[in-house]
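A.B. asks: My questions concern the predicted model and sequence given below.
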Amino acid sequence: MLPIGLLMIEHRLIERMIRLMGEEISRIKENMAVSQEFAFVDAKFIDTAVDFMRTYADQVHHGKEEDILFTALANKPLVPEHRQVMQELLEDHTWGRLTVAKLLAAKDDYLAGEMAALIRVLENLASLVEFYPRHIEKEDKNFFLPVMAYFSPEEKEEMLARMYAFDQEFIHARYKKVVADWEASGCKCHL
């Protein structure tokens with residue numbers, strides 16, 4: 001498998017979450033059509049979507065793109081078009097992080113009683129739902145395959161191995177931190 005194969009497989013899962021986010025927009029709007037008071041934000045879904053986007057889409061997926069693929073490409077004599085697309089993708093990742101943060105803030109404001117925050121929840125969900133399919137298409141169809149030509153077969157195999165190692169290290173580091181944070185807080189969960 002090419003290193004981009006792993007990234008493209010991850011794209012399929014991200015697309016599934018984006019579809020769910022689109023369904024959440026529809027649910028909220030349908031409720032709003034009945035009555036503004038009837039509309040509500042499913043905080044559990046938003047928290048799940050934010051966690052997915054921050055952890056899987058950004059830290060895991062974008063982490064492999066930025067830390068492994070883009071870093072390796074930075075040392076290659078890229079044609080200007082590929083260099084420009086790579087810069088656009090980095091900017092896209094930054095935009096995604098900011099929009100996910102805005103979504104979480106809007107959800108928190110809504111739960112604190114700010115009814116106008118419902119519109120911001122919808123706007124940020126819609127922004128992500130509209131943005132990610134274009135971003136994924138740009139990577140899958142216009143960038144990933146052409147940039148593989150810059151690498152030898154050995155470099156591709158080494159990159160794929162690094163991506164698998166990245167996933168392995170990430171999950172262990174994440175949950176070591178979870179436990180360490182609870183230990184540091186002096187967990188009194190048994191009381």
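C.D. replies: Arrived safely.
A.B. asks: quick one: low-confidence parts of this structure?
C.D. replies: 187-191 (pLDDT under 70).
A.B. asks: Against residue 125, how distant is the residue nearest in space to the middle of it?
C.D. replies: Centroid-nearest residue in the chain, with CA atoms, centre = their mean: residue 57, separated by 2.6 Å. For residue 57, the distance to residue 125 equals 14 Å [CB to CB, to the nearest Å]. Where C-beta positions appear, they are placed from N, C-alpha and C, glycine not excepted.
A.B. asks: same check, this time on residue 17
C.D. replies: Applying CB to CB, the value for residue 17 to residue 125 is 11 Å.
A.B. asks: Now the residue nearest to the centre of the chain: closest residue in space that isn't a chain neighbour?
C.D. replies: Of all residues not flanking residue 57 in the chain, residue 14 sits nearest, at 5.2 Å (CB to CB, 6 or more residues apart in numbering).
A.B. asks: quick one, what contacts the one you found?
C.D. replies: Counting by CB atoms under 8 Å, 6 or more residues apart in numbering, residue 14 makes contact with 56, 57, 61, 132, 136.
A.B. asks: Columns secondary structure on top of these, output as a markdown table?
C.D. replies: As requested, those are exported to a markdown table (DSSP: H, G, I helix; E, B strand; the rest coil):
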| residue | secondary structure |
| --- | --- |
| 56 | helix |
| 57 | helix |
| 61 | helix |
| 132 | helix |
| 136 | helix |
